[in-house]
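>>> How does the following fold in three dimensions:
(chains A and B)
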2 protein chains.
Amino acid sequence: MILTDEQRLDWLRLIRSEKVGPRTFRALVNQYGGAAAAREALPAPARRGGRLMLKVCSRAEAEKETAAAARLGVRFIAMGEPDYPKTLKAIDSAPPLIAVRGSAAIMARPSVAIIGSRNASASGLTFAERLSRQLGEAGYVVVSGLARGIDTKAHKASLESGTVAVLAGGHDRIYPAQNEPLLQAIVEQGGAVVSEMPMGWEPRGRDFPRRNRIVSGLSYGVVVVEAARRSGSLITARFALEQGREVFAVPGSPLDPRAEGTNDLIRDGATLCAGIEHVTSVLEPLIASGPDLDRGAEEPQHVIGVEELWDELDLPDVVRAPTRPVAPDAGFDEERGEAEGDLTVFLGPSPVAIDDLVRQSGLSIRNVQMALLELEMAGRLERHGGNAVSLIVGS
Amino acid sequence: MILTDEQRLDWLRLIRSEKVGPRTFRALVNQYGGAAAAREALPAPARRGGRLMLKVCSRAEAEKETAAAARLGVRFIAMGEPDYPKTLKAIDSAPPLIAVRGSAAIMARPSVAIIGSRNASASGLTFAERLSRQLGEAGYVVVSGLARGIDTKAHKASLESGTVAVLAGGHDRIYPAQNEPLLQAIVEQGGAVVSEMPMGWEPRGRDFPRRNRIVSGLSYGVVVVEAARRSGSLITARFALEQGREVFAVPGSPLDPRAEGTNDLIRDGATLCAGIEHVTSVLEPLIASGPDLDRGAEEPQHVIGVEELWDELDLPDVVRAPTRPVAPDAGFDEERGEAEGDLTVFLGPSPVAIDDLVRQSGLSIRNVQMALLELEMAGRLERHGGNAVSLIVGS
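Numbers count the residues shown, from 1 in each chain, chains lettered A, B, ... in the order given. Have a look, this model is predicted:
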């Protein structure tokens, strides 16, 4: 499927609206039958969930962002479109839209993430450089986060063979600034730069872990070259595990704090990587046998419809259930009080599966979904992996 | 059981006779009902196996070695005696006699081997020192090979808590000579020095791997701190695996050749060791639950008899079968031609299980054992782990 310009603008407006993340985006489109219908319905549930108002992205704002992106050579690719990477589509919280600069086609090639410390050791940097060059020569695209240290080495060593950088901020807010020339080189030499964040967005601390799920999501495997304990690279490794991707870690001396994280990963079951063969011997069979990531690749190209979208997303049935387009607010008001009232009893700060909520509340799946959407739009609900939700404490 | 002085001399004479190693010693005692009877029978099978003569250790030689040992404070401990370490007794090729200087009792405490490169890196040495000290503080005895580098550090850091050095040569032929003061300190501070080799024996290249099986055999686990590929430390690790002991390896940078062996070990399944807790968490349950190593500990003390010896050794049934004492040569001559003649057809340079020999030759277990003993005494047979044998090519 390929979106029309109008649909793409609708997708952008919905994902850029306040409180709408990838999971809420899916749930809203599911509930209302499309991005435009969901957006039009936004204020109503938000008010009912306990807040007065919620900022919805205007058409003018979306047009302005699209124009600013175009000036930088950035285009928006929607999940389900041919250029959207299949590896990324397979993850639980795949961004509905990615902003891509450079060659989107490169992301269709087998890819490996190489990540690690910003303050890497000389041997860590040397190893990252060697591994990245060798993986490039072996036909792999190298994915990383454009950070100082290991990331920078990994990108530089794979410039010619092809590399993908994932940003934590907007395409016009490169961090660190010193890597702007590197980013330029990536684009010029046929690589790609990816962000899910709006143009103009300055990356903040919490945007980096969020970005890391895309680094791993774009890759068949993640190689952690050096990482201290509790470092961002370990977050990426955790995402990779949750996403069913291979995790590789490069060992180091126990006396080097920069190896504590990677040594821990190996003890936890990551594959020890001391050379390219340790990566390729694991990934080649996965790539050759056509992994799960390729689900839906054979579907006909067409304009997006609700049924097809959810088929592609391969969501659990409980979320899929109400696929018939619903008019905004229809069958909503008359059940609201009962639904939300009963549901919060079953919710707390610990995540609970929506399946269990349905069973324990005795409500219909549809009513549970409605009530959760209301809470979510009011900022009172957090969605987790495994189709689970929790109440935000103090809200 | 405790040997009489006379029995101890018989054991020493048998194990010091030409072509008699630990496995042959067991087989001979098995066959002839005791060390003295076996020794008296030695020349006969040797002649029949194809050689004219075989050097048997004389009583005078054995008395001379015992006296020389005593002057250094070295005493001989026989397998099955209370001071013989239970860990060592459990291995396939346990030495029938060990020569021990210092405190034999220390070997009854839980022990860990720390081994590694002679040309270790500074961080390898530092880690070995730290781990050895901490294991000593935690109540473990540290076993090593008195070599330069890692071994030396491991011994020095555990001098006060207790350490055991295993020699590749005789007690009066310390290698390397520079470590004589260290050896002295080990003995003075309550540690032990162990050798299975005769007094006066200069260690040669092949004695070191042979010694390494005792290093691992004395230990619940072996920690390899640094090791290049194809190094002696990896031989010790292989022995440890064959002996059912835990193998730990300290990781290092893939750019450091001294870490190639340890990184390989981790990839092959050794436990990554970056701190003492990685060792103790694995060994504590083994030690607490009374491991296999303790089999036979409850047996009454008595002078050794054939049945009891084999019960303690826990050999496979095929070796145990003929437990009734046999007079030298009895039931031997009349079957010899047929037995050996038929058997060599089934033997070659590749190891074959004795079970399979019995099955394929159609001979009785006893006749197969007899024929093998003859070949062995003639230097034409090699015994392997897993109760297998092979013909020495060109013999």
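>>> what about the residue sitting nearest the centre point of chain A, helix or strand, and which?
Most central in chain A under Cα atoms, centre = their mean is residue A:94, positioned 3.9 Å from the mean C-alpha point. Under the criterion DSSP states H and E, no helix or strand holds residue A:94.
>>> Spell out which residues of chain A are next to chain B.
Residues of chain A lying near chain B by Cβ under 8 Å from any Cβ of the partner chain: A:123-124, A:126-127, A:250-256, A:259-260, A:263-264, A:266-267, A:271-275, A:278. Heads up, the C-betas are built off the backbone N, CA and C, glycines and all.
>>> And the longest helix seen in chain A, what's buried?
Secondary structure assigned by DSSP state H gives helix A:122-137 as the longest helix of chain A. Neighbour-count burial for helix A:122-137, counted by 16 or more other Cβ atoms under 10 Å in any protein chain shown, picks out A:123-136.
>>> Ok, stretch A:207-227 next?
A:207-208, A:210-227.
>>> Helices of the stretch 51-200 of chain A, start to end?
Ranges of helices in the stretch 51-200 of chain A, per DSSP state H, counting those that start in this stretch, are A:59-71, A:86-89, A:122-137, A:150-157, A:180-188.
>>> so what does the first one touch, helix or strand wise?
In this structure, helix A:59-71 makes packing contacts with helix A:5-15, strand A:74-78, judged by 3 or more Cβ pairs under 8 Å, 6 or more residues apart in numbering or on different chains; DSSP states H and E.
>>> quick check: mean pLDDT across it?
Taken as a whole, helix A:59-71 has a mean pLDDT of 97.
>>> in chain A, which spans are strands?
All strands of chain A, identified by DSSP state E, fall at A:74-78, A:97-102, A:111-115, A:141-144, A:163-166, A:192-195, A:221-224, A:246-249, A:271-272, A:352-353, A:381-384, A:388-391.
>>> Kindly format the C-alpha coordinates of the third one as PDB.
So the one you mean is strand A:111-115. Taking Å, rounded to 0.1, in the frame of the first residue of the first chain, the C-alpha atoms of strand A:111-115 are listed here in PDB:
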ATOM      1  CA  SER A 111      21.600  -5.000   8.700                       C
ATOM      2  CA  VAL A 112      23.500  -5.200  12.000                       C
ATOM      3  CA  ALA A 113      23.700  -2.500  14.700                       C
ATOM      4  CA  ILE A 114      27.100  -1.700  16.100                       C
ATOM      5  CA  ILE A 115      26.800   0.300  19.300                       C
END
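>>> now that strand against helix A:150-157, angle please.
Orientation note: strand A:111-115 sits at an angle of 130 degrees relative to helix A:150-157 (axes from the mean of the first three to the mean of the last three Cα atoms, to 10 degrees).
>>> Centre of the chain to strand A:111-115, how far?
16 Å (Cα atoms, centre = their mean, to the nearest Å).
>>> can you check the longest one too?
A distance of 13 Å separates the centroid of the chain from that of strand A:97-102, by Cα atoms, centre = their mean.
>>> What pairs with it, parallel or antiparallel?
strand A:74-78 (antiparallel), strand A:192-195 (antiparallel) (DSSP bridges).
>>> and among those strands, the most buried is which?
strand A:192-195 (a mean of 26; mean count of other Cβ atoms under 10 Å in any protein chain shown).
>>> what comes into contact with that strand?
A:98-104, A:106-107, A:146, A:164-171, A:183, A:186-187, A:211, A:214, A:218 (Cβ atoms under 8 Å, 6 or more residues apart in numbering or on different chains).
>>> what do you get if the cut-off is 6 Å, keeping everything else the same?
Contacting residues not belonging to strand A:192-195 are listed as A:98-103, A:106, A:164-167, A:171, A:183 [Cβ atoms under 6 Å, 6 or more residues apart in numbering or on different chains].
>>> Where does the stretch 51-200 of chain A get nearest to chain B, which residue?
Nearest to chain B, among the residues of the stretch 51-200 of chain A, is residue A:123, at 4.8 Å (Cβ to the nearest Cβ).
>>> ok, that residue - contacts?
B:253, B:255.
>>> quick one: it from residue B:254, how far?
Distance of residue A:123 to residue B:254, given as Cβ to Cβ, to the nearest Å: 8 Å.
>>> ok, now how distant is residue A:275 from residue B:267?
10 Å.
>>> Over to residue A:141?
Residue A:141 is 26 Å from residue B:267, by Cβ to Cβ.
>>> So for these two, which sits in the more crowded spot?
residue A:141 (24 against 16; other Cβ atoms under 10 Å in any protein chain shown).
>>> hey, what's that one bridged with?
residue A:111.
>>> No further queries at this time; thank you.
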